[in-house]
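Enquirer: compute the structure for the input listed below.
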Amino acid sequence: MAGIFDHVMIRVEDLEASLEWYQTHLDYEEKGRWEADTFTNVYLGPAEMHDEGAMLEITYNHDDRSYEMGDGWGHIAVRVPNGKLEAAYQQLLDDGVEDYRDPESCGGRYAFVKDPDGHEVEIVQRDPDEGTMWSIDHTMIRVEDADEALGFWTRKFEYEHTGRWESDSFANYFMKPEGASDAAMAVELTYNYDGRAYDLGDAWGHLCVRADDLEDYWATLMERDATDYRDPESCEYQYAFTTDQDGHEIEILEAS
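Expert: The predicted structure is shown next:
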C-alpha cells in the first residue's frame, strides 16, 4: 500500500527561465515532458537518480497567468554531501543565485535560495549514500492540526515517522513509507503552535505518490475515507487525486 513519492509539482510563469535555473544551478536534466494544448509539464532530476528518488515537475500554463505563492506550502529541500554546505551555497552565489538565507544565518545546518518564481529551495547536508547531489530530500507543507496531519499520512498512506524536531514555537514531522530508502523523498509537516491558518495559493501544485496498481490503491484510500477529489475514471485511469485535511493535493500515479 505505502507508495513512495514520485514527484512534487510547482507552477512557473516562464518555462525557459525555470528550466535554465534548475538545469544550470542544480545540474538537473529533463526526464520527461508532456505537451498539451494549454500547458506543458516538464519532469526534472539529477542525472543519476535512485529508483526511489523523486522528481520535480514544472508546469507552465500557456495563457501567461501569474500565481500566488500562499503559505500553506513551504519549500523543497535538496541534498549536498556532509561538510559541503558552505561551498555549495557559495557556488550558487558565484553563479548568480541571489543570497537569501546563508548557512551562517541558519546555524550552519542548512541554507535557502529561491528559484525565479520565488519557490524556496532549502539546501540540507546528507551522507552521499542517502542520495546524489541536489536530489530532492523532502517537501515541506504547513498544517493547521498536527494530530490530524499525522493521522492522515499514517492511516491513509501507511507512512511512518522518520524524523521529528520540536522547538519553542513549532514542530516538524518527517514522514515516509515504511522501508523506503534513504534516497526517497519525505514530506515534512510543519505545525506552528499559534493556531494560524494558511492560504495554499496556486503556485504550488501537488505531491505525487507512485502506486503499483492505481485502482487498487485508490480503492484502499476510499475504504480509509480519503477525499474523493478526482477519481481514476475521471482522469481516464491515468492517475487520480485526493487531498489532505488542509487541502494539499496528492496525486496517485501508477508506476510504469
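
Enquirer: rest of the way, CA atoms for contacts and neighbours
Expert: OK.

Enquirer: what segments of this protein are helices?
Expert: 15-25, 85-94, 146-151, 214-223 (DSSP state H).

Enquirer: could you dump those helices to JSON lines with mean pLDDT?
Expert: Shown next, in JSON lines, are the helices of the chain (pLDDT from 0 to 100):
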{"stretch": "helix 15-25", "mean pLDDT": "98"}
{"stretch": "helix 85-94", "mean pLDDT": "98"}
{"stretch": "helix 146-151", "mean pLDDT": "97"}
{"stretch": "helix 214-223", "mean pLDDT": "97"}
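
Enquirer: between those helices, which gets nearest to Thr38?
Expert: Smallest distance to Thr38 across these (Cα to Cα): 13.3 Å, for helix 15-25.

Enquirer: tell me what angle the closest one forms with helix 85-94.
Expert: Going by axes from the mean of the first three to the mean of the last three Cα atoms, to 10 degrees, helix 15-25 is angled at 140 degrees with respect to helix 85-94.

Enquirer: hmm, who's touching helix 15-25?
Expert: If you take Cα atoms under 8 Å, 6 or more residues apart in numbering as the criterion, helix 15-25 is touched by Val12, Tyr28, Glu29, Ile58, Thr59, Tyr60, Leu92, Asp95, Asp115, Pro116, Asp117.

Enquirer: narrow the residues you listed to those that are buried.
Expert: Val12, Tyr28, Glu29, Ile58, Thr59, Tyr60, Leu92, Asp115, Pro116, Asp117 (16 or more other Cα atoms under 10 Å).

Enquirer: show me those residues that map onto strands.
Expert: Val12, Tyr28, Glu29, Ile58, Thr59, Tyr60 (DSSP state E).

Enquirer: was I right about the third one contacting Val42?
Expert: No. Applying Cα atoms under 8 Å as the test, Glu29 and Val42 come out as separate, 10.0 Å apart.

Enquirer: and Asp145, what does it touch?
Expert: Tyr191.

Enquirer: and the residue nearest to Ala186 when sequence neighbours are not counted, how far from Glu215?
Expert: Nearest in space to Ala186, with sequence neighbours left out and distances taken as Cα to Cα, 6 or more residues apart in numbering, is His138 at 4.5 Å. According to Cα to Cα, to the nearest Å, His138 stands 26 Å off from Glu215.

Enquirer: now do Ala171
Expert: 35 Å.

Enquirer: these two: which has the busier surroundings?
Expert: Higher neighbour count among Ala171 and Glu215: Glu215, with 20 against 16, using other Cα atoms under 10 Å.

Enquirer: separation between the nearest residue to that one once chain neighbours are set aside and Asp147?
Expert: The spatial neighbour of Glu215 that comes closest, neighbours along the chain excluded (Cα to Cα, 6+ apart), is Pro232 at 7.0 Å. For Pro232, the distance to Asp147 equals 29 Å [Cα to Cα].

Enquirer: and for Leu93?
Expert: Distance from Leu93 to Asp147, by Cα to Cα: 39 Å.

Enquirer: who has more neighbours out of the two?
Expert: Leu93 (16 against 10).

Enquirer: wait, that one sits on Asp99?
Expert: Yes. Assessed by Cα under 8 Å, Leu93 is found in contact with Asp99 at 6.4 Å.

Enquirer: now what about stretch 51-63, what contacts it?
Expert: Defining contact as Cα under 8 Å, 6+ apart, one finds that stretch 51-63 is touched by 4-15, 38-45, 131, 135-136, 180-181, 183-185.

Enquirer: now it: how far from the chain's centre is it?
Expert: 10 Å (Cα atoms, centre = their mean, to the nearest Å).
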